[in-house]
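Undergrad: Any chance you could fold what I've pasted below:
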Amino acid sequence: MFEELDTLFQSSTIRPTFEKVHVLLALFIFDENRDGIGRYRLQKELLIGEGTAKSLIKKLNKNIKFINVTDERKRKGHFLTEAGLEYLNKIKKVIPIIKEGKSSILKDIIIETEIIYTYFCLIKNAVHKISNGISQRDAAIKISGSGATCLVFNGEYLIFPSKSHLERIDNDMVVNKALHTYFESELSKENIKLEKNDVIAIGSGDSPQKARLATLNAALTLT
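TA: The predicted structure follows:
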């Protein structure tokens, strides 16, 4: 699914300092800003340096033509091309949403006790790619997040993943009904339906930007 991005990381000198998660999140951000978004704002949203942001934008524009500039003289920003939008739509078939969560509602399923920010992703038909959620937590921490928690949907309940979640379900694995209702409601607002074998990744961080990156990086381990 990510073969189109390989050329972004090819270099005869120094490998780019951005990661796959930065590329994909950039595409989501461009999609949310159809009138264009500037380099400085993108840099802040992705938590990357100025040079890294310039390199990422240049490669997305020149190497794979996923973005274009609205008006270089007026510096209005960049937007997705048809090729970029087509690729993002393919990604959205697997990860249809990344959205800020309500930490007050999610506090019962995240480990951190201090005030933090949360985002969540839905990953379609990914239940067979998850075991106990440790890999997803580690991926979130690697990108400077606080951690990640995953839930799997077995067609009836949202449950915490474990080595046996495909075989049997214990009562302590099932999340409460209020939380289940919350996720279904948030997804329905985007016309997305929770289906059997879907996985929800909830990432956290001490800023919204870190939480969003943590969530998407956790989700990418399941694609």
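Undergrad: now for the lowest-mean-pLDDT helix or strand in the chain, which elements pack on it?
TA: When each helix and strand of the chain is scored by mean pLDDT, DSSP states H and E, helix 103-106 comes last, with a mean of 88. Where contact means 3 or more CB pairs under 8 Å, 6 or more residues apart in numbering; DSSP states H and E, helix 103-106 is packed against strand 117-123, helix 177-188. The C-beta positions use only the backbone N, C-alpha and C, and glycine is treated the same way.
Undergrad: Mean neighbour count, distance to Ile98 and mean pLDDT for the ones you listed - can I get that in TSV?
TA: As requested, the helices and strands packed on helix 103-106 are exported to TSV (neighbours: other CB atoms under 10 Å; distance: least, CB to CB, whole Å; pLDDT from 0 to 100):
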stretch	mean neighbour count	distance to Ile98	mean pLDDT
strand 117-123	26	5	97
helix 177-188	15	12	96
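Undergrad: Tabulate those (TSV), appending distance to Ala140.
TA: Output for the helices and strands packed on helix 103-106, formatted as TSV (distance: least, CB to CB, whole Å):
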stretch	distance to Ala140
strand 117-123	10
helix 177-188	18
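Undergrad: nearest to Ile109, of those?
TA: Ile109 sits nearest to helix 177-188 of all these, at 6.9 Å, using CB to CB.
Undergrad: other SSEs contacting the closest one?
TA: Using 3+ CB pairs under 8 Å, 6+ apart, helix 177-188 is in contact with helix 103-106, strand 117-123, strand 158-159.
Undergrad: Show me the one of the helices and strands packed on helix 103-106 that comes nearest Ala214.
TA: strand 117-123 (7.5 Å).
Undergrad: Partner strands of the closest one and their direction?
TA: The strands that strand 117-123 pairs with in its sheet are strand 97-100 (antiparallel), strand 199-205 (antiparallel) (by DSSP bridges).
Undergrad: what sits against Val152?
TA: By CB atoms under 8 Å, 6 or more residues apart in numbering, the residues touching Val152 are Val127, Ile130, Leu158, Ile159, Phe160, Pro161, His165, Asn197, Asp198, Val199, Ile200.
Undergrad: and it, that's in a strand?
TA: Yes: judged by DSSP: H, G, I helix; E, B strand; the rest coil, Val152 forms part of a strand.
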